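Visitor: Predicted model and sequence below, questions to follow.
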There are 2 protein chains.
Amino acid sequence: MSCRSPIESGPPTAAETRRDVAQPQVGTSVVVFTLRPTGGAHPELAVLLVRRDRAADQGRWALPGGWVHKGYSLTESARWQLMDKTGIEPDYLEQLYTFGRPDRDPREHRIAVTYFALVRWGEHQLRAGPGTSAVDWFRVDETPSPLAFDNDEIIDYGLRRLRNKVDYAHLAFQFLQPEFTLAELRTVYEAVLGQKVDPPNFRRKVAAAGTVLRTGERQQGVPHRPASLYRCAISIDELLDAPPA
Amino acid sequence: MSCRSPIESGPPTAAETRRDVAQPQVGTSVVVFTLRPTGGAHPELAVLLVRRDRAADQGRWALPGGWVHKGYSLTESARWQLMDKTGIEPDYLEQLYTFGRPDRDPREHRIAVTYFALVRWGEHQLRAGPGTSAVDWFRVDETPSPLAFDNDEIIDYGLRRLRNKVDYAHLAFQFLQPEFTLAELRTVYEAVLGQKVDPPNFRRKVAAAGTVLRTGERQQGVPHRPASLYRCAISIDELLDAPPA
DNA sequence: GCAAAAGTGTTTGATATACACCCATGC
DNA sequence: GCATGGGTGTATATCAAACACTTTTGC
């Protein structure tokens, strides 16, 4: 218990500035979330996993990803690897964290630049790509344990980020159609946060934030008073992956 | 203005999963902040830069950093490169973001895993390391413009992160001795946030947060009522670089 | 009318801010 | 005493939560 420094481990090897020494491999991994209908009124938060077809944790489920190639940005790499391995092209993609412990992959030192992505349920056709024997969605609290490598840790972190950002930022729209009711928006919050939200207070909150606009249209064919429809009032470009804003 | 997707750029080349294609180089860069006394009552926030001695933006000031070597974690790499290039061994080191646009370095595609670090003024001896002709501190709002590569952008992001975390987390202690007065702690906040803070309210805020403890000792030799001394009540281990907590 | 969910209003408490005021020390 | 900053108290505004209540639709 101290506020001072615990200097860790020992000094490095001899030549530290030489660039001819071997570097770790670099890859991307993506935590893709979606909101899956349950039949009931409460959709559930699900994460996308692929079943590994190759050595090192073969048969285990893992996050989709792949290598980073020279000449392509990290975002491009993540997007393309995700498309290649799973068939999914996400609208929203944001960098999470970069994992680089030498022992996180048993074969060799491999750095993972991780992303998290949000997609609407049903808009994407799953297709298992090279190196994977299956692709599927799993409830975030029911992933097949243990996942490959340090992927449990990465999902935990992605989930934490999603929960932190959903109310202050405007990620919830990524799970909905362009027009939606406030009740639908609220169920997104509830599924992400894992708890009930008071409808009247939620209404005031989003109204005060100014992130939604009434379209003037109303819901139709429901066995109760029809709700007003809304659109999001902000551009996705305002919150895309750029970390420096 | 849309909440839907702007799919960017084109598809990748042919074989996406081959690992024998060239990968970008991987390095770390560190944004080191300190609180530098000014003679007056208000210390100023300063950032550490090195003058580049080699090709590609030679002569420009840049963030200290270097390559990542196989077998060492990213945190270790950042810490060692910082020690090697500047002589500084920071207590607090936290990952910021990973920059990887292919054009961020004119020579070749190079990924930068960036960190930010906090050190106490006067505790470290600056020493220019290999590849650098000088090391020095600069006020955050008076860095020699333009810095090398995309380093201005990286510093902006680090500063934003520091400002966001200083009040809710407990980074301010990293700028102070183990025992300090609340006035000293307040000047840290003021220097980081760039604005005045009301002393009575600040006192209540930190008291309510429970992040400080009275030592029972008091200031001595000041030409006014002596202030109580405090220690931080939390371990640095609780907030070190681990992103997943 | 009744059920069900939309939508409005009100009360309450917690929290942030502004600022008046007293306290303890060196000179 | 007086100046200076340490430290306390208090009034106000703002915001969040809880919940009673009214409205509008299908049946």
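Guide: Nice, I can see it.

Visitor: Only C-alpha atoms from now on, for both contacts and neighbour counts.
Guide: Noted.

Visitor: Helices of chain A, residue ranges please.
Guide: Ranges of helices within chain A are A:74-86, A:151-168, A:182-193, A:199-209, based on DSSP state H.

Visitor: Please identify the deepest-packed of those.
Guide: Highest mean neighbour count among those (mean count of other CA atoms under 10 Å in any protein chain shown): helix A:74-86, with a mean of 24.

Visitor: do you know which of the helices of chain A lies nearest A:Asp105?
Guide: Closest approach to A:Asp105 among the helices of chain A (CA to CA): helix A:151-168, 10.5 Å.

Visitor: what angle sits between that closest one and helix A:199-209?
Guide: For helix A:151-168 against helix A:199-209, the angle by axes from the mean of the first three to the mean of the last three CA atoms, to 10 degrees is 80 degrees.

Visitor: and helix A:151-168 with DNA strand D, contact?
Guide: No: Helix A:151-168 is not in contact with DNA strand D by CA under 7 Å from any atom of the strand; minimum separation 9.3 Å.

Visitor: What are the contacting residues of that helix?
Guide: A:31, A:62-63, A:96, A:114, A:116, A:146, A:171-172, A:189, A:192-193, B:243-244 (CA atoms under 8 Å, 6 or more residues apart in numbering or on different chains).

Visitor: pLDDT check: weakest of these?
Guide: Ranked by pLDDT, the contacts of helix A:151-168 bottom out at B:Pro244, which has 52.

Visitor: the strands in chain A, which residues?
Guide: A:25-36, A:44-52, A:61-62, A:65-67, A:92-99, A:110-119, A:132-139, A:212-218, A:228-232 (DSSP state E).

Visitor: Make JSON lines out of these and add distance to chain B and mean neighbour count.
Guide: Converted to JSON lines, the strands of chain A look like this (distance: least, CA to the nearest CA, whole Å; neighbours: other CA atoms under 10 Å in any protein chain shown):
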{"stretch": "strand A:25-36", "distance to chain B": "7", "mean neighbour count": "25"}
{"stretch": "strand A:44-52", "distance to chain B": "14", "mean neighbour count": "23"}
{"stretch": "strand A:61-62", "distance to chain B": "16", "mean neighbour count": "26"}
{"stretch": "strand A:65-67", "distance to chain B": "7", "mean neighbour count": "26"}
{"stretch": "strand A:92-99", "distance to chain B": "7", "mean neighbour count": "22"}
{"stretch": "strand A:110-119", "distance to chain B": "8", "mean neighbour count": "24"}
{"stretch": "strand A:132-139", "distance to chain B": "11", "mean neighbour count": "18"}
{"stretch": "strand A:212-218", "distance to chain B": "11", "mean neighbour count": "14"}
{"stretch": "strand A:228-232", "distance to chain B": "7", "mean neighbour count": "20"}
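
Visitor: Of all the ones you listed, which one is nearest DNA strand D?
Guide: strand A:212-218 (8.3 Å; CA to the nearest atom of the strand).

Visitor: Listing partners with orientation, what would you give for the closest one?
Guide: Note on strand A:212-218: by DSSP bridges, its sheet partners are strand A:228-232 (antiparallel).

Visitor: Give me the residues contacting the partner strand.
Guide: By CA under 8 Å, 6+ apart, strand A:228-232 touches A:173, A:178-182, A:211-219, B:3.

Visitor: related to what we said a few turns ago, can you tell me which of the helices of chain A comes nearest to B:Val21?
Guide: Nearest of those to B:Val21, taken as CA to CA: helix A:74-86 at 13.3 Å.

Visitor: picking that back up, dump the helices of chain A into JSON lines; add distance to B:Gly129 as well.
Guide: Shown next, in JSON lines, are the helices of chain A (distance: least, CA to CA, whole Å):
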{"stretch": "helix A:74-86", "distance to B:Gly129": "30"}
{"stretch": "helix A:151-168", "distance to B:Gly129": "35"}
{"stretch": "helix A:182-193", "distance to B:Gly129": "48"}
{"stretch": "helix A:199-209", "distance to B:Gly129": "50"}
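
Visitor: wait, A:Lys196 sits on A:Ala183?
Guide: No: look at A:Lys196 against A:Ala183 with CA atoms under 8 Å: they stay out of range, at 11.9 Å.

Visitor: returning to that earlier point: need the strands of chain A in a markdown table with distance to DNA strand C, can you?
Guide: What follows is the strands of chain A, written out as a markdown table (distance: least, CA to the nearest atom of the strand, whole Å):
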| stretch | distance to DNA strand C |
| --- | --- |
| strand A:25-36 | 18 |
| strand A:44-52 | 18 |
| strand A:61-62 | 37 |
| strand A:65-67 | 38 |
| strand A:92-99 | 26 |
| strand A:110-119 | 23 |
| strand A:132-139 | 24 |
| strand A:212-218 | 7 |
| strand A:228-232 | 4 |
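
Visitor: Tabulate these in TSV, adding columns for distance to B:Glu76.
Guide: TSV is the format used below for the strands of chain A (distance: least, CA to CA, whole Å):
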stretch	distance to B:Glu76
strand A:25-36	17
strand A:44-52	30
strand A:61-62	26
strand A:65-67	23
strand A:92-99	12
strand A:110-119	14
strand A:132-139	33
strand A:212-218	45
strand A:228-232	43
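
Visitor: was I right about A:Phe149 contacting A:Pro102?
Guide: No: taking contacts as CA under 8 Å, A:Phe149 lies outside contact range of A:Pro102: 11.7 Å.

Visitor: Quick check: phi and psi on A:Lys70?
Guide: Main-chain torsions, A:Lys70, degrees, to the nearest 10: phi -60, psi 140.

Visitor: If anything else comes up later, I'll come back, but that's it for now.
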